[in-house]
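In: Dropping a prediction and its sequence here:
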Amino acid sequence: MNRIPHDDQAVERTYERTWEEIEQMLTRAEVKRSQWKKWFEECKSSGDREGMKEAAKNHKALDGVIKTLRWTLGEVGVGDPLS
């Protein structure tokens, strides 16, 4: 277990996640992103602008999650998620 300084606090990290758990999280994130895209299209068809905004926001957030997980797994061709 390591304690990492983070914004004036020590964050405790266990490093207990397995590669399988990370892969499963990636799969779940990809499914959720697909669901948000479908929801966006449904809202677009019905003229629900608020629903479209919510779906687009969540879809974009999951793009970041997916890129970070792929980077963590060392997927070839995936660059720094912060750039």
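Out: Sure thing, it's come through.
In: May I see the buried residues of the lengthiest helix in the chain?
Out: In the chain, taking DSSP state H as the definition, the longest helix is helix 19-46. Buried residues in helix 19-46, counted by 16 or more other Cβ atoms under 10 Å: 26, 29, 32-33, 36, 39-40, 43. Where you see a C-beta, it was placed from the backbone N, CA and C, and this is true even at glycine.
In: show me where pLDDT drops low in this protein?
Out: Counting by pLDDT under 70, the chain shows low-confidence ranges at 1-8.
In: at 80 what do you get?
Out: 1-9 (pLDDT under 80).
In: Name the helix or strand for the residue nearest the centre of the chain, please.
Out: Residue closest to the average C-alpha location in the chain (Cα atoms, centre = their mean): V65, at 1.9 Å. For V65, the host element (DSSP states H and E) is helix 49-72.
In: From the contact counts, what lies against that helix?
Out: In terms of contacts (3 or more Cβ pairs under 8 Å, 6 or more residues apart in numbering; DSSP states H and E), helix 49-72 is packed against helix 19-46.
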